[in-house]
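[1] Predicted coordinates and the sequence they were generated for:
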Amino acid sequence: MASLLGQFFNRINGSQEDIASEGIVYILQQSTVAKEALYNYIFNVSGLQFKNLEIYSQSVGKNNERPDISGINEKGIEVLIIEAKFWASLTENQPIEYLKRLKENSILIFICPKLRINSLVNEIERKLSDNELHYKYIDKKYILDDNKQIYITDWLTILELLKTNLTKNHEMFLVSDIDQLIGFCEVIDNYSFFPIIDNDLSPSIPKKINSYCDFLDKVVDKLKSSLNANTDGLKSTPQKYGYTRYINIGNYGISFEVNLKLWEMIADTPFWITIKESNNGPWKQSEIFKNNLKEVASRKNIKLFKIPNNDLSFALIPILNQVEEKVIEDIEMKIISIIKELQQ
């Protein structure tokens, strides 16, 4: 949907998430109907029943966490947090410090582009695991202790929900505002070029990406010793969205790559490995082999995703804040564990 706000999204200074979330706060503060629509939506996805919440934006907590939208009940208890996301990664405080703020029977909702959902799911699960928070995943939501819940939805779902209910109630002045937000979010969701800011031109960015390609070569060199990996006749290949090394290990043909497109669209890592059966013929993944890969992923707790060509690929999440040698060793051991599990 075209909108005036959407036309000028890349000329607006400041956070695009703040603009979108402040727009939602304005709508909720102006309309009881909009609030009731949101309450009903939350009840349908979580079973939590809210009413008469006071809605605030940018409520700073004791650890300087600052969720975009907060909902406070009649007892002064924060039971709802809504965080607006487009393409930025989770901050240090998200979602852990937000969960600490919430009491029992509460919910943290992330709103993001549809194409961001998969990678956001992986970020959240990694943060929960790193902080040893136990959860159940049921019907697209995470349920933690004290019935604290996390739910992820997309911008169009929330905005169309509000628009439908405002239209039924003939609050057309707010419908036009919702249309502005829908146009704004759709442009951001689909726009392939983001405005260049000063930090984008820092040489640290290409240096880091180039170092990822060098990192791949170093891991392959280690695999030649540890797994008798063979690269004879297999050329390293620069791709439109990254860099790929091809390896033979036993009866497996392996593509080990830095893939910027999968990093952008699927999971928060540049490092991906696709394993296929070779058997001295064309590399391929049969349905039986794909099932084997799924079982290995489950046993080794390594994420496996269907990529655009319908192959299955492992997302290799590097350890953080470690020297190169440690990161190389960690990725090497992940690959070794996958291969050895397949060979059993």
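    Thanks, I have it.

[2] So which residues of the stretch 201-344 of the chain form strands?
    With DSSP state E, counting those that start in this stretch applied, the stretch 201-344 of the chain shows strands at 237-239, 242-249, 252-259, 271-277, 304-306, 312-315, listed in chain order.

[3] Using JSON lines, lay out the ones you listed together with distance to L166.
    All C-beta spots, glycine's among them, are computed from the backbone N, C-alpha and C. Listed next are the strands of the stretch 201-344 of the chain as JSON lines, based on distance: least, C-beta to C-beta, whole Å:
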{"stretch": "strand 237-239", "distance to L166": "46"}
{"stretch": "strand 242-249", "distance to L166": "44"}
{"stretch": "strand 252-259", "distance to L166": "42"}
{"stretch": "strand 271-277", "distance to L166": "43"}
{"stretch": "strand 304-306", "distance to L166": "38"}
{"stretch": "strand 312-315", "distance to L166": "40"}
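
[4] Could you check how far V220 is from I254?
    From V220 over to I254 the distance is 9 Å, taken as C-beta to C-beta, to the nearest Å.

[5] shared neighbours of these two, which are they?
    Where contact means C-beta atoms under 8 Å, 6 or more residues apart in numbering, the residues bridging V220 and I254 through contact with each are 229, 247.

[6] out of the strands of the stretch 201-344 of the chain, which comes closest to N52?
    Relative to N52, the nearest member of those by C-beta to C-beta is strand 304-306, separated by 42.2 Å.

[7] which parts of the closest one are buried?
    Taking 16 or more other C-beta atoms under 10 Å as the neighbour-count basis, strand 304-306 is seen to contain the buried residues 304-305.

[8] can I see the domain layout of this structure?
    4-190, 204-343 (automatic domain parsing).

[9] can you tell me which of the ones you listed the model trusts least?
    For those, the bottom mean pLDDT is recorded on domain 4-190, which sits at a mean of 87.

[10] roughly how far out does that one sit from the chain middle?
    Its chain's average C-alpha position is 15 Å from that of domain 4-190, according to C-alpha atoms, centre = their mean, to the nearest Å.

[11] could I get the longest helix seen in the chain in PDB with only the CA atoms?
    Selection of the longest helix in the chain by residue count, based on DSSP state H, yields helix 204-226. Written as PDB, here are the backbone C-alpha positions of helix 204-226 (Å, rounded to 0.1, in the frame of the first residue of the first chain):
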ATOM      1  CA  SER A 204      35.800  -2.500   9.600                       C
ATOM      2  CA  ILE A 205      32.700  -3.900   7.800                       C
ATOM      3  CA  PRO A 206      34.400  -5.100   4.600                       C
ATOM      4  CA  LYS A 207      37.400  -6.200   6.700                       C
ATOM      5  CA  LYS A 208      35.100  -8.400   8.900                       C
ATOM      6  CA  ILE A 209      33.400  -9.900   5.900                       C
ATOM      7  CA  ASN A 210      36.700 -10.600   4.100                       C
ATOM      8  CA  SER A 211      37.900 -12.200   7.300                       C
ATOM      9  CA  TYR A 212      35.000 -14.500   7.300                       C
ATOM     10  CA  CYS A 213      36.100 -15.800   3.900                       C
ATOM     11  CA  ASP A 214      39.700 -16.300   5.100                       C
ATOM     12  CA  PHE A 215      38.200 -18.000   8.100                       C
ATOM     13  CA  LEU A 216      36.500 -20.500   5.800                       C
ATOM     14  CA  ASP A 217      39.800 -21.400   4.300                       C
ATOM     15  CA  LYS A 218      41.400 -22.000   7.700                       C
ATOM     16  CA  VAL A 219      38.600 -24.300   8.800                       C
ATOM     17  CA  VAL A 220      38.900 -26.300   5.500                       C
ATOM     18  CA  ASP A 221      42.700 -26.600   6.200                       C
ATOM     19  CA  LYS A 222      41.900 -28.000   9.600                       C
ATOM     20  CA  LEU A 223      39.400 -30.500   8.200                       C
ATOM     21  CA  LYS A 224      42.000 -31.900   5.800                       C
ATOM     22  CA  SER A 225      43.800 -33.200   8.800                       C
ATOM     23  CA  SER A 226      41.000 -34.100  11.200                       C
END
